[in-house]
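>>> A predicted structure for the sequence below; I have some questions about it.
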Amino acid sequence: MNSPVICPRCAFEKVGKLATSPVPGVWDVLQCGQCLYTWRTTEPARRTRRDAYPEQFRMTLADIENAIEVPAVPPLRTAG
């Protein structure tokens, strides 16, 4: 990553690296420290660059703070 990376979805400036390809230099998996958006560096610009990310899916800090809670995954059904 040569240039500063910001989150494509919320423009947060703290992006962390979650994983790196087994072949050095091929790709990295990055995650935003604010909205938790995750992407691989080899994905198209509409997923990796703020200026190309679709406006209807962009988020602000207010959007994140006012988001509804994500429901828990229910327990697996048992055969019965």
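Cool, the structure landed.
>>> shouldn't L18 be within a strand?
Yes - judged by DSSP: H, G, I helix; E, B strand; the rest coil, L18 forms part of a strand.
>>> in contact with it, which residues?
D28, V29, L30, Q31, T38 (Cβ atoms under 8 Å, 6 or more residues apart in numbering). All C-beta atoms are positioned from the backbone trio N, CA, C, and that covers glycine.
>>> just the buried residues of these.
D28, V29, L30, Q31 (16 or more other Cβ atoms under 10 Å).
>>> what about these, which are in strands?
D28, V29, L30, Q31 (DSSP state E).
>>> how about the strands of this structure, start to end?
Secondary structure of the chain (DSSP E): strands located at 15-20, 28-32, 38-40.
>>> quick check: angle from the longest one to strand 28-32?
Spelled out, it's strand 15-20. 150 degrees (axes from the mean of the first three to the mean of the last three Cα atoms, to 10 degrees).
>>> quickly run through the sheet partners of strand 15-20, with directions.
strand 28-32 (antiparallel) (DSSP bridges).
>>> same check, this time on the shortest one
According to DSSP bridges, strand 38-40 has the following sheet partners: strand 28-32 (antiparallel).
>>> quick one: mean pLDDT for the partner strand?
If you average the pLDDT over strand 28-32, you get 97.
>>> F57 contacts R9, doesn't it?
Yes - F57 is in contact with R9 according to Cβ atoms under 8 Å; the separation is 6.6 Å.
>>> who has more neighbours out of those two?
Neighbour totals were compared for F57 and R9, and R9 leads with 22 against 11 (other Cβ atoms under 10 Å).
>>> backbone dihedrals for that one, please?
phi -90, psi -40 (degrees, to the nearest 10).
>>> gap between it and L76?
31 Å (Cβ to Cβ, to the nearest Å).
>>> try I68
Taken as Cβ to Cβ, the span from I68 to L76 is 24 Å.
>>> which ones are touching the nearest residue to R58 once chain neighbours are set aside?
Once flanking residues are discounted, R58 sits nearest to R9: 6.1 Å by Cβ to Cβ, 6 or more residues apart in numbering. For R9, the contact set (Cβ under 8 Å, 6+ apart) comprises C32, C35, Y37, Y53, F57, R58, M59.
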